[in-house]
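**Q** Attaching a predicted model along with its sequence, questions to come.
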Amino acid sequence: MILRIILAALSVACIFVQQVAASNTSLGGGSQDIVTWDKHSIMVRGQRVMFFSGEFHPFRLPAPGLWLDVLQKVKAMGFNGVSFYVNWALLEGKEGDFSAEGVFALEPFFEAAKTAGIYLLARPGPYINAEVSGGGFPGWLARLPTGLRTRNSTYMDATEKYVSSIGTIIAKAQITNGGPVILVQPENEYSSGDPPFPDPVYFRAVEQQYRDAGIVVPFISNDNSPHGFFYDQGPPEWPIYGHDSYPMGFNDDISEWPVDALPTNYGDLHEEMAPNTPYSVIECQGGSWDPWGGYGYNKTAARQGPEYQRVFFKNFYSFGVTIFNVYMGVGGTNWGNMGYPEGYTSYDYGAPITEMRTVERENFSELKLQAMFLQSSPAYATAIPQNNTHANGSYTGNMKIATTALFGNETNFFVLRHADYTETSTEKYHITLPTSKGNITIPQLGGSLSLVGRDSKFHVTDYDVGGINLLYSTAEIFTWRKFGNRRVLVVYGGPGETNELGIQGGGTPHILEGDQHSIKFDQKQGSTILQYTVSDQRIIVELSNGLYVYLLDRFSAYNYWSTDLSSDPVSENYTNTTTFLSTPIIKAGYLIRDMKATDNTLHLMGDFNSTTEIEIIGAESDIKSLIVNNAPTEFQQDSHGVVKATVVFKGPDFSLPDLSKTGWKVLDALPEIQKDYDDSRWTKASLSNSNNTERNLSTPMSLYASDYGFHSGYLIYRTSFTSNGGESLHLETQGGSAYGHSIWLNEIFVGSFSGDITAYSWNQTFNLPAENGETYTITILIDQMGYEENGSAGSSDMKTPRGILNYSLSGFNQSDLSWKITGNLGGESFRDRTRGPLNEGGLFAERQGYHLPGAPISSWKDSKLGPMEGLSGPGVAFYATTFKLDIPTGYDIPISLSFANSTDTTSSIRCQVYVNGYQFGKWIHNIGPQDIFPVPEGIWDYHGENYLAVSLWALEKGGGKVENLNLVAGPVIQSSYPRPIEMSPISQWHKRDGAY
Ligand code: GAL
């Protein structure tokens with residue numbers, strides 16, 4: 001009886017738990033109240049957050065010891081968020097075998113984000129696009145007999161292991177558990193597809209998988225442009241609606257801007273579509289991918305440079321965007337065959353923070369100005385964007401200028417640009433702005449304002465500077481701070497521009513620094529009106545209400561920093577508006593990471609690339625000592641409290657090994673063509689059909705590499721026949737953009753296709769020098785460039801096969817031939833668990849693991865110059881060398897491998913480079929454009945022995961060599977980031993069982 005009562009009580013308890021559980025798993029994050037939203041912005045613990053974020057892919061920087069470095073740089077840019085993808089293909093290379101360890105573990109990334117005070121938007125897919133192989137789909141998905149990204153249970157079941165595993169990992173790092181994750185995006189650009197599309201059942205099912213894994217924070221979507229899919233559903237049941245925007249397109253070198261590319265109606269669309277959620281741009285173009293044979297990332301960075309950022313990003317701010325993610329915020333590397341076929345190894349993207357983690361691009365500095373302004377302007381988050389249908393001529397009466405307004409409770413923001421945003425000439429204007437003192441036509445002190453070509457500016461009225469009313473400013477605000485009774489306002493403008501500010505109750509101005517003649521004052525509207533001409537001579541004005549105004553030109557403003565890494569002591573929120581707006585402003589140079597004041601001591605952490613005069617504005621009044629990067633530093637403090645010091649840059653003393661002197665070993669890496677080569681351990685191409693839903697077979701057996709589990713790097717095929725004399729061989733292979741192939745008849749070189757960026761597949765017919773009665777083996781080496789993306793839901797694009805599509809041998813039926821195939825050793829049962837499923841391909845040397853440190857190279861032949869000696873005929877050689885690095889600590893010195901850009905384009909050679917076993921470059925000499933391959937510290941051992949291996953495939957009769965292979969350093973930064981960097985796991989070579 002008692003037992004029954006207990007059981008009954010338990011079952012009531014269970015029902016209760018189930019109900020709670022049900023409400024906990026309800027979609028939309030209703031089961032937590034830490035991250036909330038209204039129509040203006042998200043809030044964290046009730047505090048409004050402008051989520052200003054940069055995209056970073058930890059999997060593209062396999063050096064976890066550097067993640068905090070990158071995140072601190074994002075934070076120093078004035079951002080408080082990072083959005084990250086997770087690449088399924090790297091975590092479940094074999095179906096059901098999920099592993100996220102070592103360089104693939106996310107926990108250290110979450111820790112780094114917490115330390116840097118960066119909120120995270122997690123974007124685990126399962127589909128991510130992202131210019132990675134298969135858009136993140138593991139190769140085994142190519143064998144599913146169904147289109148991908150649909151509700152079809154075959155597809156959904158295939159995603160289950162990954163989503164539940166990665167969902168659980170991310171769930172643990174949610175803010176509800178003390179972690180940095182505040183938003184999750186399921187799927188990616190679910191924006192086109194086969195009917196039924198858009199399929200709410202499917203989208204909901206993906207969401208439910210994540211809810212089941214414990215995700216409780218709000219979901220957010222990223223439509224590829226504002227189509228409005230599922231917008232009308234909205235949270236809490238559906239995601240916050242967000243969209244992407246790439247207005248400049250890709251792979252364009254033109255200095256002309258595209259016409260009609262500025263989206264001026266997105267604000268209106270948002271009001272129509274999702275007015276109750278914050279306006280969210282989940283990917284705003286912050287650079288571009290670059291294809292094989294492309295223009296290179298410096299051009300991308302220039303095209304999507306500061307002018308673009310000013311015009312296009314400010315256009316988004318004029319719509320009141322408060323969730324804004326720049327794609328990419330940080331460049332990365334497609335190491336280890338992870339890229340998609342259209343991209344090469346570098347994924348620098350022209351991003352503000354480069355692949356080498358430097359912050360010297362102007363894109364970084366311009367974004368810092370923008371982010372700092374918005375983070376310093378709490379009124380922005382709730383200001384209401386005004387309809388901009390009549391923007392041309394509004395407020396200025398000048399039809400060549402468009403002004404869009406955002407009205408706040410008190411503060412108003414006005415975004416100006418050229419009506420024709422592509423305009424390159426300067427336009428003069430006056431503007432009449434509504435203020436608390438009535439409409440004011442500016443400038444009031446004579447002259448006119450000007451908008452230079454391809455520019456966009458914020459003007460503000462009734463802007464709160466810590467209790468002082470800035471009646472108006474046509475100069476753009478970098479930031480302001482309040483230190484006790486003092487306020488500091490830092491503004492900037494373009495060189496030569498006239499700007500005017502009205503400071504209410506400013507009283508008598510006093511010029512502390514700068515040219516008296518370039519500034520005018522008057523008193524109007526109860527305010528000090530201050531007009532000045534922008535030059536690189538800064539002007540500092542002290543007003544009697546305790547406000548210091550710093551008047552800068554934009555380029556000088558780039559040198560100002562103000563970072564607050566501290567979380568709110570009570571709420572633990574990362575964005576701590578109160579302390580942020582009282583954090584000192586620091587004029588320095590390259591980078592300031594953090595500043596802390598304790599007991600009259602200032603601790604400054606910064607990176608320097610030259611001797612730098614620093615100023616700390618807003619220090620306590622009686623500073624006793626200044627510690628810069630742990631070194632006591634002499635300083636002066638003036639009567640206004642400004643601390644001044646010089647940080648001396650001392651060039652490091654180091655040298656890099658000369659790769660023509662380290663001594664190399666060489667191995668013939670194509671033993672497959674030798675007469676007695678034994679391929680008995682190879683996979684027989686025995687499948688008489690394929691589930692591939694992208695292409696039907698043209699051969700009696702499948703020769704699609706994915707059907708045999710080979711998904712990365714080089715593929716090799718072999719078949720044998722007894723000749724009737726002089727056969728011709730017709731072949732069609734496919735490897736993706738810029739791929740190539742070479743064919744041998746026994747040891748006789750038959751021919752190659754050396755690649756073309758537009759040729760994804762290639763047909764060739766060869767007359768074989770075969771003699772009657774002789775038995776021959778045909779060996780075909782194919783470069784596999786990765787799988788296509790699967791951008792359209794329901795499609796099978798990623799299954800586009802790799803390998804041999806079709807063949808015929810004259811005098812034979814297709815079925816007379818049988819084939820063997822190899823890719824990486826083990827295929828999906830890949831051997832190197834440290835470097836993941838894609839790092840190696842099918843070369844003999846890779847199958848043996850000779851790219852790994854500790855490989856038995858002593859028995860190989862000596863080669864004085866290694867790949868610089870090269871091959872005198874077609875073939876593949878594998879070179880290895882070891883050398884020590886001894887790089888001084890205290891510096892960030894990126895080290896890259898540089899392949900001399902030979903002018904000899906007749907020889908086509910393909911190299912792959914491996915640093916301590918990690919494949920860190922695929923160089924295609926005749927295609928380019930990448931010649932310099934950065935490798936991060938942590939993959940390099942900066943204080944020990946390094947193993948460098950290079951495969952060289954010469955595709956032409958004359959062979960080929962690398963003209964010059966070098967290690968190159970730089971730029972050299974004296975860095976405050978703690979060193980040595982923790983090494984990434986470097987597992988060593990062991991003799992591999994079953995290797996062939
Ligand atoms: C977006 C996509 C990203 C990336 C980007 C282009 O459409 O969501 O994953 O592919 O385009 O770099």
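**A** In hand now; what should we look at? Residues are numbered from 1 along each chain as shown.

**Q** residue of the stretch 1-150 of the chain with the smallest distance to the ligand?
**A** When Cβ to the nearest ligand atom is the measure, the stretch 1-150 of the chain has its nearest residue to the ligand at residue 129, with 3.3 Å between them. Where you see a C-beta, it was placed from the backbone N, CA and C, and this is true even at glycine.

**Q** Nearest spatial neighbour of that residue, chain-adjacent residues omitted?
**A** If you skip the residues right next to it in sequence, residue 129 has residue 135 as its closest partner in space, 4.6 Å away by Cβ to Cβ, 6 or more residues apart in numbering.

**Q** Check whether that neighbour sits in a helix, strand or coil.
**A** The assignment at residue 135 comes out as helix when based on DSSP: H, G, I helix; E, B strand; the rest coil.

**Q** re earlier: give me the neighbour count for the residue of the stretch 1-150 of the chain closest to the ligand.
**A** For residue 129, the tally of surrounding residues (other Cβ atoms under 10 Å) stands at 20.

**Q** Verify the contact between it and residue 137 for me.
**A** No. Using Cβ atoms under 8 Å as the test, residue 129 is too far from residue 137 to be in contact (10.2 Å).

**Q** CA atoms only for stretch 830-843, dumped as PDB, please.
**A** The C-alpha trace of stretch 830-843 is given here as PDB (Å, rounded to 0.1, in the frame of the first residue of the first chain):
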ATOM      1  CA  PHE A 830      40.800   8.400 -40.600                       C
ATOM      2  CA  ARG A 831      43.900   7.800 -38.600                       C
ATOM      3  CA  ASP A 832      44.900  11.200 -37.300                       C
ATOM      4  CA  ARG A 833      42.500  11.900 -34.500                       C
ATOM      5  CA  THR A 834      44.500  15.000 -33.600                       C
ATOM      6  CA  ARG A 835      44.200  16.900 -36.900                       C
ATOM      7  CA  GLY A 836      40.800  15.600 -37.800                       C
ATOM      8  CA  PRO A 837      39.100  13.900 -40.800                       C
ATOM      9  CA  LEU A 838      40.200  16.100 -43.600                       C
ATOM     10  CA  ASN A 839      43.900  16.900 -43.000                       C
ATOM     11  CA  GLU A 840      45.300  14.200 -45.200                       C
ATOM     12  CA  GLY A 841      44.700  13.100 -48.700                       C
ATOM     13  CA  GLY A 842      45.600  10.000 -50.700                       C
ATOM     14  CA  LEU A 843      49.300  10.600 -51.500                       C
END
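
**Q** residue in the stretch 601-750 of the chain nearest to the ligand?
**A** For the stretch 601-750 of the chain and the ligand, the shortest gap (Cβ to the nearest ligand atom) falls at residue 737, measuring 15.4 Å.

**Q** Before we move on, what's the pLDDT of residue 21?
**A** pLDDT, the model's per-residue confidence, is 31 for residue 21.

**Q** again with residue 24
**A** Listed pLDDT for residue 24 reads 32.

**Q** what does residue 991 give?
**A** According to the predicted model, the pLDDT of residue 991 comes to 98.

**Q** a strand runs through it, doesn't it?
**A** No. Secondary structure assignment places residue 991 outside any strand; it is coil (three-state DSSP).

**Q** Any idea how many residues pack against it?
**A** Residue crowding around residue 991 was assessed by other Cβ under 10 Å; the count is 9.

**Q** same deal with residue 214?
**A** Using other Cβ under 10 Å, residue 214 has 18 neighbouring residues.

**Q** Verify the stated contact: it with residue 168.
**A** Yes. Contact criterion Cβ under 8 Å: residue 214 and residue 168 qualify, at 6.0 Å.
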